[in-house]
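K.L.:
show me how the following folds:
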Amino acid sequence: MRFRPKLVEAGYHKQRLSTLTGIQAEELQAKRLLASLDRYRSRLPEPRPPIEDVAKRWLIDVYQKVISEIPTELRGRVEDAQVFHEVLEHRWYLGEEAGRDLGLDFATRSYMELVLPNRTDSGPGALKEIIS
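P.N.:
Numbering: from 1, shown residues only. Next up is the predicted model:
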């Protein structure tokens, strides 16, 4: 295995994610979402399609699948990109605890049941709560 460190411009991941998927996210969120996209692409058979084509498929097959699991009554509590970011983080913690990867579907259900109902600190409604 070889690693090639790269120095990237500030906001690189945010811009790259936006260009590939149209998702607006903060830099750390974008970095994690791009890692998910890269993981998705690495699982495709060779020769792999161009990243732009894969990004469209990932958006539907992975990102939108997670976002569509947000219960109607909890929509807007947390921005979609942050939800996805947190689901990936939740997946990692669950996997560490179990000693194996439990999968994105399991992590998504667990997050929607255990974490999201307790979150009210961001999203479009948060500003209204602060102002009121």
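
K.L.:
where does L59 land in three-state SS?
P.N.:
helix (DSSP: H, G, I helix; E, B strand; the rest coil).

K.L.:
skip the chain neighbours and tell me the closest residue to it.
P.N.:
T21 (5.1 Å; C-beta to C-beta, 6 or more residues apart in numbering). Bear in mind the C-beta positions are built from the backbone N, C-alpha and C, glycine included.

K.L.:
residues in contact with the one you found?
P.N.:
If you count contacts by C-beta atoms under 8 Å, 6 or more residues apart in numbering, T21 has them with 33, 37, 55-56, 58-59, 63.

K.L.:
got a winner among the residues you listed for most neighbours?
P.N.:
Highest neighbour count within the contacts of T21: L33, with 26 neighbours (other C-beta atoms under 10 Å).

K.L.:
pretty sure that one sits against Q24.
P.N.:
No - counting by C-beta atoms under 8 Å, L33 stays clear of Q24, with 11.0 Å between them.

K.L.:
just to revisit the earlier point, list the ones among the contacts of T21 that fall in helices.
P.N.:
33, 37, 55-56, 58 (DSSP state H).
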